[in-house]
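**Q** Sequence plus predicted model, see below.
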Amino acid sequence: MSAVLGLIVGVVVGIFLQPDIPIVLQPYLPIMVVAALDALLGAARSFFERSFSDKVFVISFLSNVLTATLLVLLGNQLGVGSQLQTAVIVVLGIRIFSNVSAIRRFIFRG
């Protein structure tokens, strides 16, 4: 319940304060959002499978966002930023669709 309340408070604060994203982070923000969405849907899947752990979720969330961002940063340093960004999006997209599929099967199974 506190997680839902925290999410609602965070969304409301974000809407009213409209924080500025530093220019340095702006190219990486889409990757961060997709990585966070992957972790969130993975947590939802583990919740439905009754194996959810808040510690695992926090570590997964932070490591997904950090790893995806660092991969794209490395790609930018090597001059292949757009290709590596596409690869990260594809991999995370596959994981997202896999988690959504598992959640859908759980919900409609009965």
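**A** Arrived safely, thanks for sending. Numbering: from 1, shown residues only.
**Q** I'd like the distance between Val58 and Ala36.
**A** In this view, Val58 and Ala36 are 12 Å apart by Cβ to Cβ, to the nearest Å. Where you see a C-beta, it was placed from the backbone N, CA and C, and this is true even at glycine.
**Q** So between those two, which is more surrounded?
**A** Residue environment comparison for Val58 versus Ala36 gives the larger neighbour count to Ala36, 16 against 12, counting by other Cβ atoms under 10 Å.
**Q** Could you give the number of residues near Gly93?
**A** Burial measure for Gly93: 13 neighbouring residues, criterion other Cβ under 10 Å.
**Q** Read off the pLDDT value for it.
**A** The predicted local distance difference test score for Gly93 is 95.
**Q** doesn't Leu37 make contact with it?
**A** No: here Gly93 lies out of contact with Leu37, judged by Cβ atoms under 8 Å, at a distance of 9.6 Å.
**Q** I'd say Val75 and Ile89 touch.
**A** No, residue 75 isn't Val; it's Gly. No: with contacts defined as Cβ under 8 Å, Gly75 does not count as touching Ile89, sitting 11.8 Å away.
**Q** what's around Ile94, how many residues?
**A** If we define neighbours as other Cβ under 10 Å, then Ile94 has 11 of them.
**Q** ditto for Pro19
**A** The number of residues packed around Pro19, counting by other Cβ under 10 Å, is 7.
**Q** what about it, helix or strand, and which?
**A** When secondary structure is defined using DSSP states H and E, no element contains Pro19, which sits outside every helix and strand.
**Q** Right, I'll call it a day here.
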